[in-house]
Structure formats: C-alpha cells, structure tokens
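# Fold the stuff below for me.
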Amino acid sequence: MESDRKIARYKDLPALRRRASRRHQKIGFTSGCYDLLHLGHITHFAFCRSHCDLLVVSVGNDKNVRHLKGAGRPILPARARARSVAALMSVDWVVLSRERGIFDFAQQFVSLRPDIFFVPETDAELAKKEAFIRAVGGKLFRSRRTPPREFRTGISTTDIITRIRDGSSV
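Numbering: from 1, shown residues only. Model (predicted):
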C-alpha cells in the first residue's frame, strides 16, 4: 500500500532531520491517538502542514491509547491508524510510538528535532509535552481545530463512539 512507504521507524528520524536540514525544510511534528480518523484530525493536519514544509505525525500505540482513553479503546489497531493517517496528502511521515506517554514522545522529539511542535488543543498529555518542549528549547505552536461550523460540536472520537453506541445522530 502506498501509505506504508510513509511510515518511518525510530532509526529513520535522524536521517529525516538531516535531509530536511540540507534542503532548508522546516519540520512540523504532532502526535495523538487518531483512533477513528475524522474531520477534526484532518483539519488539524492540514493546518499544521500549512505552517511547515514536512509534517511528521506520531501515532500512539495500542497500550498508550488504552491508558489515555480507557477500556474498549483503541477501536482500530495502531498499524491501521498509522496507515490511515499516512494516506493523507497533508502528512509526509508517520511514526508509531513504541512506549507509553511522555518518555516515548521525548525520544521521538529528540531524534527528529522538529522546528515546530503543533499541539492540538485536546492533547491529553499537553502539560507534560509543553514542559518538555520548553525545557529543550523547542518551538511550540498551539493549533485550534477550525472545521466548518456544523461540525464543531460532537466531533471527537469519543463523541462519535458514544453516538454510535447510543444509536443517536448529530
């Protein structure tokens, strides 16, 4: 599948950084669960990509998603979530998390040294990530999701799953 070519391994991150530096490209980085890809995610990625030359997205592993979101999550396994994110034109590279939480994020951040970290306003580990990024001198950019007005409420994966389980609609 074409999207598989955009999935990087940890050991690939320094080479991505070097290549981008040689080409004077700005790397953007964001991370999340991306359990069920929806308009909020797509809008976030498009926003991020409009502010950098290359966008790298870290997709949480199954254990991390379960820890953050609770029992019954993730809905889709990590590899399927990574392939879905990688299929988007606004995303240049995807990396799968290996560990749980801020330690894994820190490893990726240090290996890639992105020029900008885009923080989605709904990031569950926002405070920890902000503290780490500031400590290593990284540049943080808070991104607000700006989907069309009719999609602004009930857009989260959790909201979508709840509506499906309840049999309700928007």
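
# what's the helix or strand for the residue nearest the centre of the chain?
By Cα atoms, centre = their mean, the chain has its centre lying nearest to S31, at 2.8 Å. Element membership for S31, per DSSP states H and E: strand 27-32.

# for whichever helix or strand comes after that strand, which positions count as buried?
Using DSSP H and E, the helix or strand that follows strand 27-32 in sequence is helix 39-49. By 16 or more other Cβ atoms under 10 Å, the buried positions in helix 39-49 come out as 40-45, 47-49. Placement of C-beta: from N, CA and C, glycine included.

# can you pull out the strands in this structure?
7-8, 27-32, 54-59, 93-96, 116-120, 140-143 (DSSP state E).

# closest one to D104 among these?
Ranking those by proximity to D104 (Cβ to Cβ) places strand 54-59 first, at 8.1 Å.

# Strand partners (parallel or antiparallel) of that closest one?
strand 27-32 (parallel), strand 93-96 (parallel) (DSSP bridges).

# rank those strands by pLDDT, which is bottom?
Ranked by mean pLDDT, the strands paired with strand 54-59 bottom out at strand 27-32, with a mean of 91.

# What angle do helix 39-49 and that strand make with each other?
Using axes from the mean of the first three to the mean of the last three Cα atoms, to 10 degrees, the direction of strand 27-32 lies 160 degrees away from that of helix 39-49.

# Excluding its own residues, what touches strand 27-32? List them.
With Cβ atoms under 8 Å, 6 or more residues apart in numbering as the test, strand 27-32 has contacts from 16-17, 20, 41, 44-45, 48-49, 51-60, 97, 105, 108-109, 112-120, 123, 129, 143.

# Can you dump the C-alpha atoms of that strand in PDB for me?
Output of strand 27-32 as PDB, limited to C-alpha atoms (Å, rounded to 0.1, in the frame of the first residue of the first chain):
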ATOM      1  CA  ILE A  27       9.700  20.000  10.000                       C
ATOM      2  CA  GLY A  28       6.500  20.100  11.900                       C
ATOM      3  CA  PHE A  29       5.500  17.400  14.400                       C
ATOM      4  CA  THR A  30       2.300  16.500  16.100                       C
ATOM      5  CA  SER A  31       1.100  13.400  18.000                       C
ATOM      6  CA  GLY A  32      -2.100  11.700  19.100                       C
END
